[in-house]
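**Student:** pasting a predicted model and its sequence here:
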Amino acid sequence: MNHLPDEDQLDGLLDRSSPSTTLMTDDVIDELNRLRVASMPSPGSSGHRKRWTRPALTALITFSLVGGAAAATAATIQLWSPWAESPDAVATYTLPSGAECELRIGNVNGSDPEAVRAVEDFYQAASIDALLTQETIDETIAQLRTEESTFMNDDGATEAAGYGTVHYNADSEYDSAVNRILTNTLSSELARQGIDGSESNLSYSGEGNCPGADW
């Protein structure tokens, strides 16, 4: 028999899995992908990677990840946001730990209806599996490892983070690579269509479930 959480436990799970929003600029787009992953010890402890230019996509994006105990509950009572029940795209991939991830993308908003439709059309028509080939993921991970990254402790002190450090996490790195690929591909498509994501106030959401991930 499945035992559902009581009301207090459920409230806690919902609080921990509720999405947060961050303004996407070129300087923070990759850091926002990292914040999507539940690998940071606290909301104030975030890393920073150097700029990677994306001329078209400067928008607002929301990411939420369900993992661990929350994921087990989500699998039972389906703790997806309402928009994620009918997403524009679904990506599935396997992390180095063997955990299976499902990422749902949608909830597109903006001041320009044509720009909103362009994002929706892109994700609805995209072959996610074709985008997330192992070769592309490996190349993206290699790029991630060339970029400087710092980790901020609770006392404000910083230290090197990323590959080769005590803060390295293979699942987090792989997940960041997946998100970078999807974001870069969308950015390229918007640029091809001459759409400025910043002027259009574009935003979209991603919500993932990676039960058993080694964050």
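**Tutor:** Good, I have the coordinates.

**Student:** secondary structure of residue 103: a helix, I assume?
**Tutor:** No: secondary structure of residue 103 (DSSP: H, G, I helix; E, B strand; the rest coil): strand, not part of a helix.

**Student:** hang on, isn't it packed against residue 206?
**Tutor:** Yes: between residue 103 and residue 206 there is a contact under Cβ atoms under 8 Å: 5.8 Å. The way it works is simple: take the backbone N, C-alpha and C, and place the C-beta from them, glycine included.

**Student:** need the overlap of contacts for these two.
**Tutor:** Taking Cβ atoms under 8 Å, 6 or more residues apart in numbering as the contact criterion, the common neighbours of residue 103 and residue 206 are residue 179.

**Student:** where in this protein is pLDDT low?
**Tutor:** 1-78 (pLDDT under 70).

**Student:** could you point out the longest helix of it?
**Tutor:** The longest helix of the chain (DSSP state H) is helix 170-192.

**Student:** which one is residue 151 nearest to, not counting chain neighbours?
**Tutor:** Distance criterion Cβ to Cβ, 6 or more residues apart in numbering; nearest residue to residue 151, sequence neighbours excluded, is residue 161 at 3.7 Å.

**Student:** backbone phi and psi for the one you found, please?
**Tutor:** For residue 161, the backbone dihedrals are phi -130, psi 180 (criterion: degrees, to the nearest 10).

**Student:** and the one 3 residues further on, by the same measure?
**Tutor:** In this entry, residue 164 is assigned phi and psi values of phi 90, psi 0 (degrees, to the nearest 10).

**Student:** same check, this time on residue 158
**Tutor:** Its backbone dihedrals place residue 158 at phi -120, psi 150, with angles given as degrees, to the nearest 10.
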